[in-house]
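J.: any chance you could fold what I've pasted below:
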Amino acid sequence: MTNLDQVLRDLPRRYPGPGGAIAVLQKGQVLARHAWGYANAERRIPFTPRTLFRMCSITKQFTCGAMLEAVGEPEALDAAIRARLPKLGKAAPAARLLAHNQSGLRDYWAVAMLHGAPAESAFGDVEAARVIAGTASLHFAPGTRYAYCNQNFRLISDALQEVTGESFADLLRTRIFDRAGMETAILAADTRAMPDGTEGYEGSQATGFRAAENQVIWTGDAGLGASLDDMIAWERHIDGTRDDTGSLHARLSAPVTFADGSAAPYGFGLGRGEAFGTPVLGHGGALRGWRSHRLYAPAHRISVVVMFNHLSDAHAAAQEALAALLGAQLPQPEAVLAAPGWLGAYREPETGLAVRIDHAAPGVVRLRFGHGAERLDLRTDGSADNGRTRLRPTPQGLWMDRPQENQASLLTPSPGEAPTDIAGRYRCAELDADLLVSDSGGPPYGGFSGFLGQGRMELLDPIGPDLWALPCWRALDHTPPGDWTLAFRRDATGRVTGVTVGCWLARSLDYARIGDR
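T.: Numbering: from 1, shown residues only. Predicted coordinates:
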């Protein structure tokens, strides 16, 4: 049995759920085309290589591909993008920076939670347009940083329809699907159902699975519906045009930089990274009930596509398959080292977000700052890293390096207790939305409200002096904002007068205190 055979055999047990599929290709030849379980467990519809699957954010590269094929250069969409961001005016980011996730726009799925959106609420074209059009500021200067932002790609698809006069679904079909041989791929914008009955599931093998409820409308950000066979056709198309410098994939995967000339890890809907010592291009996709990942290792001409209609880690599964073909070992900590003395609470000065570092396991620390918690391996030089983020102690203090975001920061320690006299109602003038903090006869709770509804009241977690976290682990999108940092401020008398709210997806929004309740 080969290493790949063993991975394929073990996959359904290592990543248990209702169903799934995997394809592995090398040099354009299919080494594995395998599906298992059920696309719909209640209706007993089997999961097959022709099952339509919600590919979610893997859509982004296809959106950028349709743009390049239909209008040539992203700049053709700049005016249409500006028109959709009227409050920004000339400060609106260029379409090219949207395609590279360097726009500086706050993610609209995160901002929707600040407007009070319940996790299962309906969110369609009208709601999306209102959230996007309400943008009055950016959370970094365009081109200087990387931050994931879904509406970058929705804006591209909307502008593309306006400029070309064609529907986005038709653009995908004529410009990409037909040319690549993706016979059954479609724009499946409505997340409530797939046309062939395929269902996505929340839960686990231990607690049981239930059909996930989604009611959002996705377009260029995550609307692709495709089967395993469709994705095999895409991977073969990529490999078959690998030597053509003018091919679509060559243009999508061309090197990208930040404004200062530093190499960027993301461009045209594709992540650029490294795995097991070889360059890898790829992207993941996720919605509640759906997880997928595709990657292409050009030096070895290897493609891997993984689809789960449940919430197991498709990226990890794809990495296992790649490692099996390369004969590589999954990375291990250098040594089992003692917990360092720099664990604790900090603030990152540029974003204003809380940084929490604690001991996760022997030789491993947990960092809570970005999209989600990260595990970093301790190194013998006193630092910790995971290949994306590095923490390094210096005589000046603890630095956090995040080269994929073009950012390095000397963290500000935040030791001490968090006073609890923070109850009140706070208003964000930019969003026309509120935050309510209530002591409820005990520890403080907080909740957001706005034109989308009244969000849940959540128990706040104390971090440090006037620094709290408001958890948000269920949202419209699969990837939620996580912990919102609440950084309260006081006047000369010590009275709380306002709070700055932010998360990695949507930073630095100012709220003024408008009342005690």
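J.: pretty sure Ala487 is in a helix, no?
T.: No. Using DSSP: H, G, I helix; E, B strand; the rest coil, the assignment for Ala487 is strand, not a helix.
J.: isn't it right next to Leu467, touching?
T.: Yes. Using C-beta atoms under 8 Å, Ala487 and Leu467 qualify as a contacting pair, with a distance of 5.7 Å. (Each C-beta comes from the backbone N, C-alpha and C, glycine too.)
J.: wait, Arg489 touches Val501, no?
T.: No. Using C-beta under 8 Å, Arg489 is not in contact with Val501, being 11.8 Å away.
J.: the more surrounded of those two?
T.: It is Val501, of Arg489 and Val501, that has more neighbours when counted by other C-beta atoms under 10 Å, with 25 against 14.
J.: so the more buried one lies in a helix, does it not?
T.: No. Under three-state DSSP, Val501 falls outside any helix and is assigned strand.
J.: and the helices in this protein, which stretches?
T.: Taking DSSP state H as the criterion, the chain carries its helices at 3-14, 59-71, 78-83, 95-99, 108-114, 125-133, 151-164, 168-172, 178-180, 228-240, 248-252, 314-326.
J.: elements contacting the shortest one?
T.: Okay, so that is helix 178-180. Applying 3 or more C-beta pairs under 8 Å, 6 or more residues apart in numbering; DSSP states H and E, one finds that helix 178-180 makes contact with helix 228-240.
J.: start to end distance for stretch 460-473?
T.: Stretch 460-473 stretches 13 Å from its first residue to its last (C-alpha to C-alpha, to the nearest Å).
J.: same check, this time on stretch 400-407
T.: When the end residues of stretch 400-407 are compared by C-alpha to C-alpha, they are separated by 8 Å.
J.: would you mind measuring from Ala373 to Gly261?
T.: For Ala373, the distance to Gly261 equals 32 Å [C-beta to C-beta, to the nearest Å].
J.: more neighbours, these two?
T.: Legend: neighbour count by other C-beta under 10 Å for Ala373 and Gly261, higher for Ala373 (14 against 6).
J.: could you find the closest non-adjacent residue to that one?
T.: Arg366 (5.5 Å; C-beta to C-beta, 6 or more residues apart in numbering).
J.: again, but for Gly397
T.: Leu410 (5.4 Å).
J.: could you pull up the contacting residues of that neighbour?
T.: Leu410 makes contact with 349, 394, 396-399, according to C-beta atoms under 8 Å, 6 or more residues apart in numbering.
J.: contact partners for the nearest residue to Ala254 once chain neighbours are set aside?
T.: Excluding its sequence neighbours, the residue lying closest to Ala254 (C-beta to C-beta, 6+ apart) is Gly267, at 7.3 Å. By C-beta under 8 Å, 6+ apart, the residues touching Gly267 are 99-100, 252-256.
J.: could you check the pLDDT of Thr479?
T.: Model confidence at Thr479, given as pLDDT, is 81.
J.: an error on my part: the question was meant for Ala360.
T.: 89.
J.: how about the one 10 residues further on?
T.: Confidence per residue is given as pLDDT, and for Gly370 that number is 86.
J.: can you tell me how far it is from Ala32?
T.: Distance, Gly370 to Ala32, by C-beta to C-beta: 33 Å.
J.: of the two, who's got more company?
T.: Set side by side, Gly370 and Ala32 show more neighbours around Gly370, with 22 against 19, by other C-beta under 10 Å.
J.: I'd say that one and Cys503 touch.
T.: No. Using C-beta under 8 Å as the test, Gly370 is too far from Cys503 to be in contact (9.1 Å).
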